[in-house]
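Undergrad: Using only what follows, build the 3D model:
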Amino acid sequence: MTTKRRGFTLIELLVVIAIIAVLVGLLVPAVQKVRESANRMSCTNNMKNMGLALMNYEGANGKFPAGVTLGMGQTSGAGWWGGGRSPRVPAYDPPPNGWANATTSYPADGYWGWMVRIAPYIEQDAVAKAATANPLGWPWWTFLPGLSGGMNTVVGCKSKMWSCPSDSRGSMAWSEPGSGNLHALTDYLGCPGRDSFRETLGGSGNPTATSAKLPGQDGMLYVNSKRTIGDILDGTTNTVGIGERPPDNSLEYGWAWVAWGYDGAGFGAGDMLLGVRERCTGINSAPGVYSATTGANDPNGFSHHWSFHSGGANWQFMDGSVRFVSYAAGTTIAGQISGINYTVLEALASVAGGEINKLD
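TA: Down below sits the predicted model:
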């Protein structure tokens, strides 16, 4: 007796394919969610290591590193942001190694930032030694022996710690026109407070660029800063030091190691430093607001903190913790000072503002 073999009908085959498609559709988001969770944890670890390095630097030197250093020759007669020599009152503290001679082409420590200062505490001693061996050297001309291919400069040295794993461009670098020298990028910017500029503008209500502005340089890391633990009167659990902001779509801003910035004054705004209400493009520009973007190609993404994580970004707090802060903190009004509103994130960005309603 023979048995007739029966195969799948076309309808049965289509049903099986449909079931597989549904299962794959359910699986892909789950895999992406797990991957993002791992990326966010790795990002948190990056920031914890940076925070620990900042604390170690403060313990060894009695103060936190300057956000970026700028010599006196670069600010002489420059305008309201300038100063530094009599009779003008300095708008910021002297650089850690003192003012450069006003006749030098480049100031001592010029443009080197907080990342170089903490390099010895994150196993990047070679970078720190090369950067400080010739303090008058222009950063992009400070070379490392034995390297080539555009990565033979200090500023071309890449570090996984500087890049958020959720940013697929983390291994990319900006290429200097003409020389081809590379400049490593970072997703993590030090916070100078509200913005990089100390001036106050009268007004009321929501702050804008041309009125109702509270003073900046009220945070941890800004031009020639020298904060200590004792300066953090708001409490280390209520004060941020570093926040996320991926490099812009041109890769020209978001540099690691050194900073010049969008501001045109050398204060580093937009490179290694960014305030929570920063005016990157100039003193009359509208301030950026902590919010989501459409990604790295968003033309407005350079001016404010954001991340590739969903709903907010990681922030390093001065108690050593890293916490995820939702975008709502950038627009939620927490109170007023002199009739001018401030947000929850502005309160977190200051070291001694005495603001209320901080992050829950």
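
Undergrad: Mind jotting down where the strands sit in this structure?
TA: In the chain, the strands defined using DSSP state E lie at 173-175, 182-184, 188-190, 240-244, 312-317, 322-326, 333-337, 340-343.

Undergrad: which one of those has the most crowded surroundings?
TA: strand 188-190 (a mean of 29; mean count of other CB atoms under 10 Å). Glycine gets a C-beta too; all of them are placed from N, C-alpha and C.

Undergrad: and that one, how far from the chain's centre?
TA: 2 Å (CA atoms, centre = their mean, to the nearest Å).

Undergrad: Where does pLDDT dip in the stretch 251-360 of the chain?
TA: Across the stretch 251-360 of the chain, the ranges flagged by pLDDT under 70 are 263-265, 282-283, 296, 299, 356-360.

Undergrad: for it, what spans make up the helices?
TA: Ranges of helices in the stretch 251-360 of the chain, per DSSP state H, counting those that start in this stretch, are 344-349.

Undergrad: go on, the stretch 51-200 of the chain?
TA: Under DSSP H, counting those that start in this stretch, the stretch 51-200 of the chain gives helices at 114-118, 125-133.

Undergrad: Distance to Ser37 for the ones you listed - can I get that in TSV?
TA: Output for those, formatted as TSV (distance: least, CB to CB, whole Å):
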stretch	distance to Ser37
helix 114-118	27
helix 125-133	31
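
Undergrad: these two touch, right, Gly202 and Ala212?
TA: Yes - the pair Gly202 / Ala212 is scored as a contact, 7.3 Å apart, by CB atoms under 8 Å.

Undergrad: Which of these two has more residues huddled nearby?
TA: Ala212 (18 against 10; other CB atoms under 10 Å).

Undergrad: The residue lying closest to the more buried one once chain neighbours are set aside: what's it in contact with?
TA: Sequence neighbours aside, Gly203 is the residue nearest to Ala212 in space, at 2.8 Å (criterion: CB to CB, 6 or more residues apart in numbering). Contacts for Gly203 (CB atoms under 8 Å, 6 or more residues apart in numbering) come out as 211-213, 339-340.

Undergrad: Generate CSV for these, with distance to Gly301 as supplementary columns.
TA: Output for the contacts of Gly203, formatted as CSV (distance: CB to CB, whole Å):
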residue, distance to Gly301
Ser211, 25
Ala212, 25
Lys213, 23
Gly339, 31
Ile340, 26
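
Undergrad: from these, which is closest to Met172?
TA: Lys213 (35.0 Å; CB to CB).

Undergrad: The closest one and Thr294: what is the separation?
TA: For Lys213, the distance to Thr294 (CB to CB, to the nearest Å) stands at 28 Å.

Undergrad: Looking at these two, which has the bigger crowd around it?
TA: Taking neighbours as other CB under 10 Å, Lys213 and Thr294 compare with Lys213 leading, 22 against 9.

Undergrad: Tell me how many other residues crowd the closest residue to the more buried one other than its chain neighbours.
TA: Excluding its sequence neighbours, the residue lying closest to Lys213 (CB to CB, 6+ apart) is Leu201, at 3.9 Å. Leu201: 15 surrounding residues under other CB under 10 Å.

Undergrad: Quick check: end-to-end length of stretch 306-320?
TA: Distance across stretch 306-320, first residue to last, is 21 Å (CA to CA, to the nearest Å).
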